[in-house]
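# fold the following for me, if possible:
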Amino acid sequence: MIGQQNRQFPIALQFARQLVGRQGKIRSRAAFKLNKGGAESIPPDSAREQSDGGEITGKPGDQSLGPTFHEPTLQRPASEGQLQSVGPNGKTLAMLRLSQSPTDPAFVQNPYPFYDRARAGGDLFFWEEYGQVCAVSHQAVAALLRDRRMGREIPPECQPEIPARLRPFYDIEAHSMLELEPPTHTRLRSLVLRAFTSRRIAGLGPEITQLAHELIDTFPASGPFDLLDAFARPIPVLVICRLLGVPADRAEDLLDWSNAMVSMYQARRTREIEDQAVAATEAFRAYIIEVINEKRRAPADDLLSQLIAAEEDGSKLSTDELITTSILLLNAGHEATVHTMGNGIKTMLETGDREIHEASIEEVLRYDPPLHMFTRWVYEDVTLYGHDFKRGDQVALLLAGANRDPSPYPKPNLFAPNRVGPANVSFGGGIHFCVGAPLARLELILAMGALFERCPSLRLAEAPEYANVYHFHGLKRLMVRID
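Residues are numbered from 1 along each chain as shown. I've put the predicted structure just below:
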């Protein structure tokens, strides 16, 4: 059925076997917000509409780690005055207000009709459950990603009070380049980019291809199996381990810690999830310190050793920054790619479009991206798209909504592997554009190419379901069979 390849990744095969058959940990939750003492429930409800009565191009920036997982939890909507937005006809209108629980089962399975309804009211709308103005058109999202009057770092006067029990988690996040702006962001980004070169990424190509074939060799000859555990999860985590120089035999631990940490930025957040995230953070931190100490004793040709050398030679990275950057790269290096690969394979099996090339991978990223929301803080009073933003406001950029905008993408709900159009915003933009985008694209094109070449009779064994992980968007599992 499937031709065997020379096996050179015994740890990868062991890791895949450990993942296959593991029970999913995702459970349906109510929506929550962080209050001073912890989490406060906002029960899910069905969607309902409440209608109340010049593009800004930011300064071009350098690239850094892109949108991955750090987003605010839900807030109850504050009392709002009249909001305004620019409608599709260019006229200033009362801003559309919409209510939609992000944990509602129908929304989790298909959020795109909600985005379409929101976009019909203009570039911006007000999402009641988040208590925020959201950008949903392609032009608004692309522009606001680059507008330097906004950013990721929380203004000092808006810093929240963090409960003591959550401090271990937020102490790590405090040094994340994803949450910082220049000059600190510039310093951290430059150190990562110095080692995260195109040559280093391209050099991983043969290993990614070989790993994909090794995993395909383990597929069962008959009966259904979960392609996420057998294929999509092992590849990104093992590749980022190799790039950073982290032992691959701890990949399962890294995956568990990462999943626990990113759950802090999902709408289903609970006190239990918070406690699990803190425990994972402490375990992850302790392990990374061990790895860093070992790299200091015996440097190798890997990204982590280069970051350590930069820290010691130029005193550029503090130990806390080094720990956080390592955790961020490990988390960011696989989380979104797993979702993208799973969503993309699902789409191609459903549509029958299985040809893998650069354009089809871009369409996979546009059509069903792994991250749907990316927020930014407003740093100065400014009027954009008919709305008066004030310093300290937040605006949520709906990346997936922008990718389904019919203005730049005709028939946006159609998966078109050879589509021509503007760049999608799945990797963000501006100074926080994803530095890992070349690696993610390489993993997708090589792994998915090997999969469909080796398994032409691959088909779905059951209807796939998305997990309750908004504002991420990924599958619970992907059950397939090979005829």
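
# and the closest residue to D368 other than its chain neighbours, its phi and psi?
When the adjacent residues along the chain are set aside, D368 lies closest to N343, with 4.2 Å between them (C-beta to C-beta, 6 or more residues apart in numbering). In this view, the C-beta of every residue, glycine as well, is placed from N, C-alpha and C. Listed backbone geometry of N343 is phi -60, psi -40, with angles given as degrees, to the nearest 10.

# from G333, how far out is P247?
P247 is 15 Å from G333, where distance means C-beta to C-beta, to the nearest Å.

# who has more neighbours, those two?
Neighbours per residue (other C-beta atoms under 10 Å) separate P247 from G333, with G333 holding more: 25 against 13.

# quick check: the more buried one touching L439?
Yes: under the criterion of C-beta atoms under 8 Å, G333 makes contact with L439 at 7.2 Å.

# joint contacts of the two?
Listed contacts common to G333 and L439 are 239-240, 243; contacts here mean C-beta atoms under 8 Å, 6 or more residues apart in numbering.

# using PDB, write out every CA atom in stretch 105-112.
Extracted as PDB, the C-alpha positions of stretch 105-112 are listed here (Å, rounded to 0.1, in the frame of the first residue of the first chain):
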ATOM      1  CA  PRO A 105     -21.300  25.200  19.400                       C
ATOM      2  CA  ALA A 106     -22.600  26.500  16.000                       C
ATOM      3  CA  PHE A 107     -20.200  29.400  16.000                       C
ATOM      4  CA  VAL A 108     -17.300  27.100  17.000                       C
ATOM      5  CA  GLN A 109     -18.000  24.900  14.000                       C
ATOM      6  CA  ASN A 110     -18.500  27.700  11.500                       C
ATOM      7  CA  PRO A 111     -17.700  31.300  12.500                       C
ATOM      8  CA  TYR A 112     -17.700  32.700   9.000                       C
END
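
# for it, buried residues please.
Neighbour-count burial for stretch 105-112, with 16 or more other C-beta atoms under 10 Å as criterion, is recorded at 107-108, 111-112.

# and if you look at stretch 148-162?
Of the residues in stretch 148-162, those scored as buried under the neighbour-count criterion (16+ other C-beta under 10 Å) are 148-152.

# make a markdown table from those and add secondary structure to it.
Formatted as a markdown table, the entries for the buried residues of stretch 148-162 read as follows, by DSSP: H, G, I helix; E, B strand; the rest coil:
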| residue | secondary structure |
| --- | --- |
| R148 | coil |
| R149 | coil |
| M150 | strand |
| G151 | strand |
| R152 | coil |
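
# for those, name the two members farthest from one another.
R149 and R152 (12.9 Å; C-beta to C-beta).

# ranges for the helices of the stretch 201-350 of the chain?
In the stretch 201-350 of the chain, helices defined by DSSP state H, counting those that start in this stretch lie at 205-217, 227, 234-244, 251-262, 271-297, 303-314, 319-332, 335-351, listed in chain order.

# which stretch in those is the model least sure about?
Taking the mean pLDDT of each of those, the lowest value is held by helix 303-314, a mean of 78.

# okay, M264: pLDDT?
Residue-level confidence at M264 comes out at 88, pLDDT.

# and the gap between the closest residue to it other than its chain neighbours and E173?
Taking C-beta to C-beta, 6+ apart as the measure, M264 lies nearest to A277, with 4.7 Å between them; neighbours along the chain are not counted. Using C-beta to C-beta, A277 is found at 11 Å from E173.

# show me the contacts for E350.
Residues touching E350, when contacts are defined by C-beta under 8 Å, 6+ apart, comprise L460.

# just the pLDDT for G333.
In this prediction, G333 carries a pLDDT score of 78.

# make that Q23, sorry
On the pLDDT scale, Q23 is placed at 37.

# likewise D52?
Listed pLDDT for D52 reads 30.

# and for the one 10 residues further on?
Residue-level confidence at D62 comes out at 28, pLDDT.

# go through the buried residues of stretch 105-112 and say which is closest to P234.
Looking at the buried residues of stretch 105-112 and their distance to P234, the nearest is V108, at 25.2 Å (C-beta to C-beta).

# roughly how far does that closest one sit from V469?
Using C-beta to C-beta, we find V108 at a distance of 8 Å from V469.

# now do I308
Relative to V469, I308 is positioned 33 Å away (C-beta to C-beta).

# please apply the same query to S99.
21 Å.

# buried set for the host helix or strand of L191?
Mapping L191 onto the secondary structure by DSSP states H and E places it in helix 184-195. Judged by neighbour count (16+ other C-beta under 10 Å), helix 184-195 contains these buried residues: 185-186, 188-189, 191-192, 195.

# which one of those is nearest to H387?
Looking across the buried residues of helix 184-195 and measuring by C-beta to C-beta, the closest to H387 is H185, at 26.4 Å.

# just to revisit the earlier point, what inclination does the helix holding L191 have with respect to helix 319-332?
Orientation note: helix 184-195 sits at an angle of 60 degrees relative to helix 319-332 (axes from the mean of the first three to the mean of the last three C-alpha atoms, to 10 degrees).

# what helices or strands is helix 184-195 leaning on?
Applying 3 or more C-beta pairs under 8 Å, 6 or more residues apart in numbering; DSSP states H and E, we find helix 184-195 packed against helix 303-314, helix 319-332.

# rebuild those as CSV, extending it with distance to Y367 and mean neighbour count.
Written out in CSV, the entries for the helices and strands packed on helix 184-195 read as follows (distance: least, C-beta to C-beta, whole Å; neighbours: other C-beta atoms under 10 Å):
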stretch, distance to Y367, mean neighbour count
helix 303-314, 31, 18
helix 319-332, 22, 22
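
# make JSON lines from these and add distance to L93 to it.
Listed next are the helices and strands packed on helix 184-195 as JSON lines, based on distance: least, C-beta to C-beta, whole Å:
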{"stretch": "helix 303-314", "distance to L93": "49"}
{"stretch": "helix 319-332", "distance to L93": "38"}
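
# if we can go back for a sec, which ones are touching the residue nearest to D368?
Neighbour list for N343: 364, 368-370, 473-475 [criterion: C-beta under 8 Å, 6+ apart].

# if we use 10 Å, what do you get?
Counting by C-beta atoms under 10 Å, 6 or more residues apart in numbering, N343 touches 232, 364-365, 367-370, 464, 466, 473-475, 478.
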